[in-house]
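Asks: I'd like to go over a predicted model; first the sequence, then the structure.
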Amino acid sequence: MALRLWAENGMCWIALLVMALVGQEALAANVESGQGGQQIQQSASPLIGVADEAHLKERVLARWQALIKGDFEAAYQFETPAYRAIYTPDQFRYQFGNQTLWRMANVVNIHYDNSIVARVQVEVAYRYAQPGMGQAMRDMTQQVNEIWLRREGEWWRQQD
């Protein structure tokens with residue numbers, strides 16, 4: 001009994017040590033990549049690995065880069081397969097209008113509901129042409145909350 005309890009506690013300590021080392025590695029990666037000053041909350045979920053979180057962040061930012069470039073066809077490819085089965089690329093494009101020019105996007109926070117659902121906060125900088133104000137553009141920033149779903153090993157953006 002004492003040996004079994006020690007083994008279980010030993011495994012617990014090993015798990016804690018591994019989690020601490022993974023956290024240190026993620027922090028070092030952020031500093032090396034120039035993201036040390038950003039306030040990105042690391043995953044608290046043991047169900048999501050560092051590589052999975054990095055892949056999700058990469059997809060979120062790639063989608064926003066497509067929107068910044070005005071490449072709505074590329075941005076459309078990040079929507080869930082179910083969404084793309086119903087809506088065409090033109091219908092996807094229509095929802096954005098012509099008054100916003102995105103300039104920058106940065107992942108601020110990722111929260112996991114479980115291993116397949118992530119809530120991602122993205123800070124977006126953009127220029128906005130307010131209707132009725134002529135051609136004047138206003139520079140603005142806003143935090144956007146997105147839901148991303150993991151299906152068959154890939155992350156997809158879920159429409160609200």
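Replies: Nice, I can see it.
Asks: Can you tell me who Trp156 pairs with across the strands?
Replies: Beta-bridge partners recorded for Trp156 (DSSP bridges): Leu149.
Asks: So what touches the strand or helix carrying Ala82?
Replies: Using DSSP states H and E, Ala82 sits in helix 81-86. Contact with helix 81-86 is made by 76-77, 151, 156, 158-159, as judged by CB atoms under 8 Å, 6 or more residues apart in numbering. Yep, even glycine has a C-beta here, placed from its N, CA and C like the rest.
Asks: mind running it again at 6 Å?
Replies: For helix 81-86, contacts defined as CB atoms under 6 Å, 6 or more residues apart in numbering pick out Gln159.
Asks: Tell me, how many residues neighbour the closest residue to Val117 other than its chain neighbours?
Replies: In space, Val117 comes closest to Leu149 once its chain neighbours are excluded; the distance is 6.0 Å by CB to CB, 6 or more residues apart in numbering. By the measure other CB atoms under 10 Å, the count of residues near Leu149 is 15.
Asks: next one: Val120
Replies: Quick note: Val120 (other CB under 10 Å) scores 21 neighbours.
Asks: show me where this structure has helices.
Replies: Remark: helices assigned in the chain by DSSP state H are 2-32, 50-69, 72-76, 81-86, 89-94.
Asks: Can you give the domain ranges for this structure?
Replies: 1-36, 38-158 (automatic domain parsing).
Asks: which of the ones you listed has the lowest average pLDDT?
Replies: Mean pLDDT is lowest for domain 1-36 among the domains of the chain, at a mean of 37.
Asks: For stretch 153-160, which residues meet the burial criterion?
Replies: Neighbour counts over stretch 153-160 (16 or more other CB atoms under 10 Å) mark 155-157 as buried.
Asks: Please produce a markdown table containing those, extended by distance to Ile68.
Replies: As requested, these are exported to a markdown table (distance: CB to CB, whole Å):
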| residue | distance to Ile68 |
| --- | --- |
| Trp155 | 19 |
| Trp156 | 20 |
| Arg157 | 15 |
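Asks: which one of those is nearest Tyr128?
Replies: Arg157 (21.9 Å; CB to CB).
Asks: so the closest one touches Phe78, yeah?
Replies: Yes - the pair Arg157 / Phe78 is scored as a contact, 5.0 Å apart, by CB atoms under 6 Å.
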